[in-house]
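In: The sequence and its predicted three-dimensional model are supplied below.
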Amino acid sequence: MRQTTRRAAVALALAIPVFLGVGAGTASAAPQTSILQVPVVTGLEIGPVSVPGGLIQTTPIEVTVGERPGSVRFSAADIKPYYYQYNYRWMTVQWRNLSTGAAGAVDFRHWASEDLSAVDPNAGARGLPLDVVADTGPGQVAMVVTQSRQFPAPFSETLFPGLGLLTVP
């Protein structure tokens, strides 16, 4: 009887802290990935410098928060297959933290690369990463995403920019 009482007391002593969460490590949220509310829409893909896919194309933008505090990872949700005219195209994310006023811009490419070992790395957007991390700081972050082309002359191909608003932990 006395041993049963002792076991019950030990079990109760272990169960109460576990039940209340005492002694538990700090929980960390897993990274969360979502798609921006509005995709990038480009237009007028005509002529010798166009890319496959038609006149008007959409590119959904993927955002991931929670990998590091105060940062957001940006990438294209669907990576386009390589085509030589993509060498001169890239995405730009302009962001502003509405909580702190911090702002910035980052560039990335939205297309798969070919084997670039024999190609001039200074030509076009080839050297850009497929995804990029912006250190926005924690808070509400608004973003605008555009697509640009640098050949034959630099200009924005964006018909409607990608837009989003998210909370960065």
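Out: Perfect, I can see it now.
In: residue contacts, the residue nearest to Thr42 when sequence neighbours are not counted?
Out: Spatial nearest neighbour of Thr42, chain neighbours left out: Glu157 (4.5 Å); criterion: C-beta to C-beta, 6 or more residues apart in numbering. Heads up, the C-betas are built off the backbone N, CA and C, glycines and all. Applying C-beta atoms under 8 Å, 6 or more residues apart in numbering, we find Glu157 in contact with Thr42, Gly43, Leu44, Arg89, Gln147, Ser148, Arg149.
In: Would you reformat these as TSV and include secondary structure?
Out: As requested, the contacts of Glu157 are exported to TSV (DSSP: H, G, I helix; E, B strand; the rest coil):
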residue	secondary structure
Thr42	strand
Gly43	coil
Leu44	coil
Arg89	strand
Gln147	strand
Ser148	strand
Arg149	strand
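In: could those be laid out in CSV, adding distance to Asp131, pLDDT and neighbour count?
Out: Below are these laid out as CSV (distance: C-beta to C-beta, whole Å; pLDDT from 0 to 100; neighbours: other C-beta atoms under 10 Å):
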residue, distance to Asp131, pLDDT, neighbour count
Thr42, 20, 89, 23
Gly43, 25, 81, 12
Leu44, 27, 73, 10
Arg89, 16, 88, 23
Gln147, 16, 92, 21
Ser148, 18, 89, 17
Arg149, 20, 85, 20
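In: Pick the one among these closest to Val168.
Out: Gln147 (23.5 Å; C-beta to C-beta).
In: The closest residue to Gln32 other than its chain neighbours and Thr167: what is the separation?
Out: Excluding the flanking residues, the one nearest Gln32 by C-beta to C-beta, 6+ apart is Gly66, at 5.3 Å. The gap separating Gly66 from Thr167 is 10 Å, by C-beta to C-beta, to the nearest Å.
In: What is the burial count for Leu165?
Out: Residues within reach of Leu165, counting by other C-beta atoms under 10 Å, total 11.
In: Pro152 too?
Out: 9.
In: Quick check: which element contains the nearest residue to it once chain neighbours are set aside?
Out: In space, and not counting its chain neighbours, Pro152 is closest to Val49: 6.3 Å by C-beta to C-beta, 6+ apart. Assigned by DSSP states H and E, Val49 falls within no helix or strand.
In: and Val49, what does it touch?
Out: Val49 neighbours (C-beta under 8 Å, 6+ apart): Gln85, Tyr88, Arg149, Phe151, Pro152.
In: Quick one: residues contacting the second one.
Out: Going back to what we said before, that points to Tyr88. Counting by C-beta under 8 Å, 6+ apart, Tyr88 has contacts Val49, Gly124, Ala125, Arg149, Gln150, Phe151.
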